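> Predicted model and sequence follow; I will ask about them next.
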Amino acid sequence: MMIRFHKMQGLGNDFVMIDRRHERFDATLHTMSRLCDRRFGIGCDQLVLLDAPDRDGADIRVRFFNPDGSEAGACGNASRCVAALIGNAPVLQTSAGLLPSFITPQGEIGVDMGRPALEWHQVPLSHDIATLELPLPGGPAACSMGNPHATFFDGMDRAGRDGAVLERDPLFPERANIGCAEIVSRDVIRLRVWERGAGLTLACGSGACAAVVNGVRRGLLDRVCRVEMDGGALTIHWREEDDHVLMIGPATHVFEGLYPVDGQAG
Ligand SMILES: N[C@H](CCC[C@H](N)C(=O)O)C(=O)O
């Protein structure tokens with residue numbers, strides 16, 4: 001049995017997207033991992049499943065899965081790609097809520113990523129501690145954008161050096177995405193993210209949102225910030241009037257194709 005997929009990318013963070021409104025695809029862990037596998041499958045940082053929405057006000061329901069099979073409540077770069085694929089500035093239904101999208105006059109894709117969650121049990125952390133400076137070397141700040149993020153502000157190298165261990169620190173009962181930032185100015189940072197369930201990626205949209213939120217909370221950044229990552233840059237705006245985080249950047253459709261899944265079980 002063959003299933004149609006779209007391959008898309010946002011700043012080099014890449015995705016296999018399957019629209020289950022038109023394809024019957026009951027993903028098993030094996031099939032999802034194989035689709036993400038760059039040697040034996042199509043290859044991507046996350047698998048994105050699209051379904052008909054079941055909430056008023058939504059145009060499309062979106063679920064995000066890492067190559068290790070874990071499901072993520074948010075994926076900023078993939079959200080922009082879904083908005084570009086569906087067109088007409090759709091409202092995305094995710095497990096983190098309804099995310100409106102928009103197109104800028106310059107033709108970039110914007111997504112309202114909603115409000116960050118700042119309390120320890122919302123990140124989540126393992127116990128009641130302040131999320132502004134965690135008891136870890138480098139003292140990161142933590143928040144959730146629908147998925148857990150810890151942001152360090154002492155340079156980018158830690159992501160590749162310590163990311164795998166930090167992702168699984170006991171402080172993070174659901175693991176965490178580990179963002180490592182270098183502050184260039186109050187409105188420009190360079191960021192590298194070790195992603196939960198995926199490892200180092202060329203860009204991380206929710207990680208960029210979390211880094212700006214955590215930087216503003218620390219008094220290090222302005223609310224409108226350019227986040228430069230290895231794959232390119234996003235504009236992030238943590239809006240003061242309603243606490244929402246806007247993320248603006250590119251989204252590219254690379255190709256579409258058919259992939260063999262053996263039977264419905266996938
Ligand atoms: N690995 C992340 C999901 C993908 C996030 C990233 N690709 C983005 O653009 O936000 C997690 O498990 O929370």
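Right, received. Where do you want to start?

> Correct me if wrong: residue 254 contacts residue 8.
Yes: here residue 254 reaches residue 8: they are 6.1 Å apart, a contact under CB atoms under 8 Å. No exception for glycine: its C-beta is placed from N, CA and C like everyone else's.

> So for the two, which residue has more residues nearby?
residue 8 (25 against 11; other CB atoms under 10 Å).

> hang on, the earlier thing: now list whatever residues contact both of residue 254 and residue 8.
residue 14 (CB atoms under 8 Å, 6 or more residues apart in numbering).

> what does the stretch 1-150 of the chain have sitting close to the ligand?
13, 45, 46, 64, 66, 72, 74, 75, 76, 77, 147 (CB under 6 Å from any ligand atom).

> Verify the contact between residue 237 and residue 246 for me.
Yes: here residue 237 reaches residue 246: they are 4.4 Å apart, a contact under CB under 8 Å.

> correct me, but residue 44 touches residue 7?
Yes: between residue 44 and residue 7 there is a contact under CB under 8 Å: 7.1 Å.

> what touches both of the two?
14, 15, 16.

> Filter those residues down to the ones in strands?
Of the positions in the shared contacts of residue 44 and residue 7, 14, 15, 16 sit in strands, assigned by DSSP state E.

> Columns neighbour count and pLDDT on top of those, output as JSON lines?
As requested, these are arranged in JSON lines below (neighbours: other CB atoms under 10 Å; pLDDT from 0 to 100):
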{"residue": "14", "neighbour count": "25", "pLDDT": "98"}
{"residue": "15", "neighbour count": "26", "pLDDT": "98"}
{"residue": "16", "neighbour count": "23", "pLDDT": "98"}
